[in-house]
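**Student:** Need a 3D model of the following:
(chains A and B)
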Protein chains: 2
Amino acid sequence: MTAPSRAVDESAAADVDVVVIGAGLSGLTAAHRLRQFGARVAVFEAASRVGGRVASARVGGVHVDLGGTFVGPGQDRIVALADEVGVSRFPTYTAGQNVIRWRGQHRRYRGTVPPVGASLLDVGRVQLTLDRLARSVPCGDPASAPQAAQWDAESLGSWLRRSHASAAARDLIAIAGRTTWGCEPDEISFLHALHYIHQAGGLSAMLDTAGGAQEEHFVEGSHEIAVRLAAGLGDALRLDSPVRRVEAEGDEVRVSTDRETVRARTVIVAVPPSLRTRIEFSPALPPVQTQMSQRWPAGVLSKAYAVYDRPFWRDHDLSGQGVSDTGPAFITFDAGPAGPDAPGVLLGFIGGVYAREWDDLPLAERRARALSSFADLFGPKALDATGYIDQRWGAEPWVAGGPTAAPGPGAVVPYASALATPVGRVLWAGTETASRWTGFMDGAVRAGERAALQARALLSDPWTDDEQTGAL
Amino acid sequence: MTAPSRAVDESAAADVDVVVIGAGLSGLTAAHRLRQFGARVAVFEAASRVGGRVASARVGGVHVDLGGTFVGPGQDRIVALADEVGVSRFPTYTAGQNVIRWRGQHRRYRGTVPPVGASLLDVGRVQLTLDRLARSVPCGDPASAPQAAQWDAESLGSWLRRSHASAAARDLIAIAGRTTWGCEPDEISFLHALHYIHQAGGLSAMLDTAGGAQEEHFVEGSHEIAVRLAAGLGDALRLDSPVRRVEAEGDEVRVSTDRETVRARTVIVAVPPSLRTRIEFSPALPPVQTQMSQRWPAGVLSKAYAVYDRPFWRDHDLSGQGVSDTGPAFITFDAGPAGPDAPGVLLGFIGGVYAREWDDLPLAERRARALSSFADLFGPKALDATGYIDQRWGAEPWVAGGPTAAPGPGAVVPYASALATPVGRVLWAGTETASRWTGFMDGAVRAGERAALQARALLSDPWTDDEQTGAL
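**Tutor:** Sure thing, here's the model as predicted:
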């Protein structure tokens, strides 16, 4: 694609039409779509790599996703984007039975909700109630829910206690919360939890493997999507380029890194909300932005992968999916590649209270504890890993945590609207700004595409005639 | 004072002994004490002025403190520092009666606790309980309180409801919380609230004027302390110099701004906790630091000052102290200068839920609403101000809020220890890191003095013999 021809007055014309800050999935998508619209784009990424909370590695000869991994029904935009760049999907392995370690007992089960004894009915009651309340929270506008003030005033944990949820129901919800938000139930606004559940289409859609958000993953890895988008951007993408200042004046925005200043007509900030204030804005952002940014912390979630000669659990009719009421790894999946002779791969999540302790350990100790969690679920063979790797998202300076934000009580009603509301020529992207599938890769793509449309609309001198090539 | 003579090898020697980042009261105090110890110091301040959350202005011919204002018994370090630089104190005006607007009624009273009808006994019960629980939270180590986990799991608001506090008690505590932390009771960890109350010597010491933390203010203004400390630093202080990177290698630390890199032997970071992550650290800070920084938000508190020809309320036996159960200004003080012919000055606090709305209004509207609050308490004469100024701390990019941090439920147990624990050669100051009078100017000074002592101890090659001139 070539930029549309236009008369250029060097003294006044912007260097590009849009600067995108952050080359995670959301920023890359925004830039990709804008180029398809015919816009001139520059993308600045602070880190040395693209992808943000999507990353990959090879271990024991196998590719693993260190960040965002799974996709499921309804996540149409990430799937469309992957199709567009030629990254393919395959089903998460789910054959056989799941396992649970609970109160010292070891049991097998099928489906999403594990058998937790007499409390199972109560777990069902809590899930139904959460789903019902969640449906009353409008997607993208949680503050307008009829009971918004009351629900924002308390945490998910406080609501569980107030609802007399059984200990088993509370512990299961805590596990779901650690995986989903990287926090404990007492840390997160109940209103935010409900909003998130509604956005994800309900608890089952959010937590299920087959039929849910963990249904498939990518053959080439999710990070390959980012890599291919970045390749398409060519030298419009600058790595190792933290943006220091965004200065808006008249109809121009100047974006400065340590090395250069680029003039643009609008800017899309596609970084996690808690990192927005690392950039100096002139004029200063309204107080509500500064306040929101301090109250929208990234969660605490880490991932551990163990590679085995073969997926030995499958021989015992086990799916590799496990749940445990102890840590550090408390949820597992079979994340191995397809194929009869492929090695076995177990993925374990370490989040919330467990991650805080585990993250600070040296690698050998983290490995030993993660493998020990796997052995608790799948037997001593799990100790004999041929490869091991983990990713502590809290240790990434330009990401600051994962998988997504976990705002606390009182933060949602006053601040949720600041997530996506443009400030003059400053537009916002990133999965936290999505009004569907926030927190997921799909939300990142949706937010990037929405920001690209906003940028196009904002420009009073439209650069597109019939040049659009993007299928938006 | 001259730096101690030493052999200098330009290729290896540090440029200074200590770099201090942030020229608020805490950083300035640290630098001041270190120079008294004979150390070579450089101080980098991101903003164009010193003082951080202490600032001043003149309005209607009168000096006003836009940030930290009052001092009281037990705040020995700020008082000692003020004495040292020749800034003097005078008592806050308290003669006469206080006023309260409550449930539409207007009443006069004496003392700290306003008459809220039949609920007064319950207010006393809640205060006694809070003081008693607070004493079980060790100062500087809240996570070691016997009930730390339980208290951190809930908010102050949730505890008030669970304790069946009356509506009046809840509303009064909300008012105290807005002034103290700039947040609503549902936003703040109950453990943090208790810890803060204990550090301040109990609710009465924290909230009282005569005999409490609002007993006196400074004749020349609190900001003058910062100005005089800065003057003493001379060209060791650089304004408009945001620090971008702190790189520790071996026994050297390199601190870089956009303009220069200074080598030092240790660095004191004296910025609010939520701003720590604006600096890139190499090696990266441990995850617990990144996580804490996202969970220790600055509160939301603004101040409005109105100046009058004379303090007309004094003519009616009123102290100028008022409390209201409506906003935007919900607490007032007579902040006028001493002297029989001096003009009158009313100070109103706008915080928490009120500040979020009020902060976004244009100046004329903020003025009208603040004066209207004053008139509700002191009559229509309060509308005839000859001067008006306000300060919205959330709009200050290098401060990000005020008066101090308001961590939410679940943040204190895992993260409080990260506030002051050194990371290698990186030391921490700022009032949030104090273990006495945190959140007050006195805490800022204490933290700065503690960090100066830590810096001195950290240096394996002590530069002091008997050169200490500081009275620490």
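
**Student:** Give me the distance from the helix or strand containing A:Asp83 to the chain's centre.
**Tutor:** Per DSSP states H and E: A:Asp83 is located in helix A:76-85. Relative to the centre of its chain, helix A:76-85 is centred 16 Å away, using CA atoms, centre = their mean, to the nearest Å.

**Student:** Just the buried positions in the helix or strand just after it, please.
**Tutor:** Using DSSP H and E, the helix or strand that follows helix A:76-85 in sequence is strand A:89-91. Residues of strand A:89-91 classed as buried by neighbour count (16 or more other CB atoms under 10 Å in any protein chain shown): A:Arg89. (Each C-beta comes from the backbone N, C-alpha and C, glycine too.)

**Student:** what does strand A:89-91 contact?
**Tutor:** A:71, A:79, A:82, A:210, A:215-219, A:338 (CB atoms under 8 Å, 6 or more residues apart in numbering or on different chains).

**Student:** returning to that earlier point: for the helix holding A:Asp83, packing partners?
**Tutor:** On a contact count with 3 or more CB pairs under 8 Å, 6 or more residues apart in numbering or on different chains; DSSP states H and E, helix A:76-85 meets helix A:25-36, strand A:70-71, helix A:223-233, helix A:441-458.

**Student:** Now do the contacts for the nearest residue to A:Gly177 once chain neighbours are set aside.
**Tutor:** Closest residue to A:Gly177 apart from its sequence neighbours, by CB to CB, 6 or more residues apart in numbering or on different chains: A:Pro185 at 5.4 Å. Shown in contact with A:Pro185 (CB under 8 Å, 6+ apart): A:155-157, A:160, A:170, A:173-174, A:177.

**Student:** A:Phe312 now?
**Tutor:** Residues near A:Phe312 by CB under 8 Å, 6+ apart: A:344, A:378, A:381.

**Student:** A:Phe37: which of the contacts of A:Pro185 is nearest?
**Tutor:** Using CB to CB, A:Gly177 is the member of the contacts of A:Pro185 that lies nearest A:Phe37, at 38.9 Å.

**Student:** Quick check: that closest one is in a helix.
**Tutor:** Yes: assigned with DSSP: H, G, I helix; E, B strand; the rest coil, A:Gly177 falls within a helix.

**Student:** What is the neighbour count of it?
**Tutor:** 24 (other CB atoms under 10 Å in any protein chain shown).

**Student:** returning to what we had before: I'd like to know which of the contacts of strand A:89-91 are part of helices.
**Tutor:** A:79, A:82 (DSSP state H).

**Student:** which of the contacts of strand A:89-91 count as buried?
**Tutor:** A:71, A:79, A:82, A:215-218.

**Student:** now, the most widely separated pair of those residues?
**Tutor:** The span of the buried ones among the contacts of strand A:89-91, defined through CB to CB, is set by A:Ala82 and A:Glu215 at 13.8 Å.

**Student:** Tabulate the contacts of A:Phe312 in TSV, adding columns for pLDDT, distance to B:Tyr415 and secondary structure.
**Tutor:** Output for the contacts of A:Phe312, formatted as TSV (pLDDT from 0 to 100; distance: CB to CB, whole Å; DSSP: H, G, I helix; E, B strand; the rest coil):
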residue	pLDDT	distance to B:Tyr415	secondary structure
A:Gly344	96	37	strand
A:Phe378	97	34	helix
A:Lys381	97	38	helix
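
**Student:** Check the residues you listed against chain B and report the nearest one.
**Tutor:** Comparing the contacts of A:Phe312 against chain B with CB to the nearest CB places A:Phe378 closest, at 27.7 Å.

**Student:** circling back to that earlier point, of all the contacts of strand A:89-91, which comes closest to B:Ala304?
**Tutor:** A:Val71 (51.7 Å).

**Student:** Verify the contact between the closest one and A:His217 for me.
**Tutor:** Yes: the pair A:Val71 and A:His217 passes the contact test of CB atoms under 8 Å, sitting 7.1 Å apart.

**Student:** ok so, going back, closest to chain B out of the contacts of strand A:89-91?
**Tutor:** For the contacts of strand A:89-91, the closest approach to chain B (CB to the nearest CB) belongs to A:His217, at 25.7 Å.

**Student:** tell me the pLDDT at the residue lying closest to A:Leu120 once chain neighbours are set aside?
**Tutor:** Distances taken as CB to CB, 6+ apart place A:Val113 nearest to A:Leu120, at 7.3 Å, with adjacent residues excluded. Per-residue confidence (pLDDT) for A:Val113: 78.

**Student:** what's the helix or strand for A:Val113?
**Tutor:** Using DSSP H and E, A:Val113 falls within no helix or strand.

**Student:** just to revisit the earlier point, quick one: which of the contacts of strand A:89-91 sit in strands?
**Tutor:** Those of the contacts of strand A:89-91 mapping onto strands are A:71, A:216-218, per DSSP state E.

**Student:** ok, the closest residue to chain B within the stretch 1-150 of chain A - contacts?
**Tutor:** Checking the stretch 1-150 of chain A residue by residue against chain B with CB to the nearest CB singles out A:Ala46 as nearest, at 8.8 Å. By CB under 8 Å, 6+ apart, the contact list for A:Ala46 reads A:22, A:240-243, A:398.

**Student:** for the closest residue to chain B within the stretch 51-200 of chain A, what are its contacts?
**Tutor:** Closest contact between the stretch 51-200 of chain A and chain B, by CB to the nearest CB, is at A:Glu187 (3.6 Å). Contacts for A:Glu187 (CB under 8 Å, 6+ apart) come out as A:155, A:157, A:406, A:408, B:408-411.

**Student:** Now the two most distant members of those.
**Tutor:** Taking CB to CB, no two of the contacts of A:Glu187 sit farther apart than A:Gly157 and B:Ala411, at 13.4 Å.

**Student:** Where does the prediction get shaky in the stretch 151-300 of chain A?
**Tutor:** In the predicted model of the stretch 151-300 of chain A, no residue satisfies pLDDT under 70.

**Student:** Could you rerun that using 90?
**Tutor:** Scanning the stretch 151-300 of chain A for pLDDT under 90 picks out A:210, A:251, A:277.

**Student:** So which bits of it are right by chain B?
**Tutor:** Within the stretch 151-300 of chain A, the positions adjacent to chain B are A:152-155, A:157-158, A:183-184, A:186-187, A:242, A:244, A:258, A:274-275, A:277-278, A:280-281, A:284-288, A:290-291, A:294-295, A:297-298, A:300 by CB under 8 Å from any CB of the partner chain.

**Student:** ChimeraX command for the buried members of those residues?
**Tutor:** Buried residues among these (16+ other CB under 10 Å), as a ChimeraX selection:
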select /A:152,153,154,155,157,158,183,184,186,187,242,244,274,275,277,278,280,281,285,286,287,288,290,291,294,295,297,298,300
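
**Student:** Among the residues of the stretch 151-300 of chain A next to chain B, name the ones in helices.
**Tutor:** Residues of those located in helices (DSSP H): A:152, A:157-158, A:287-288, A:290-291.

**Student:** Which residues are in contact with the nearest residue to A:Ser158 once chain neighbours are set aside?
**Tutor:** Closest residue to A:Ser158 apart from its sequence neighbours, by CB to CB, 6+ apart: B:Ser158 at 5.3 Å. The neighbours of B:Ser158, taking CB under 8 Å, 6+ apart as the test, are A:154-155, A:158, B:186, B:190, B:409.
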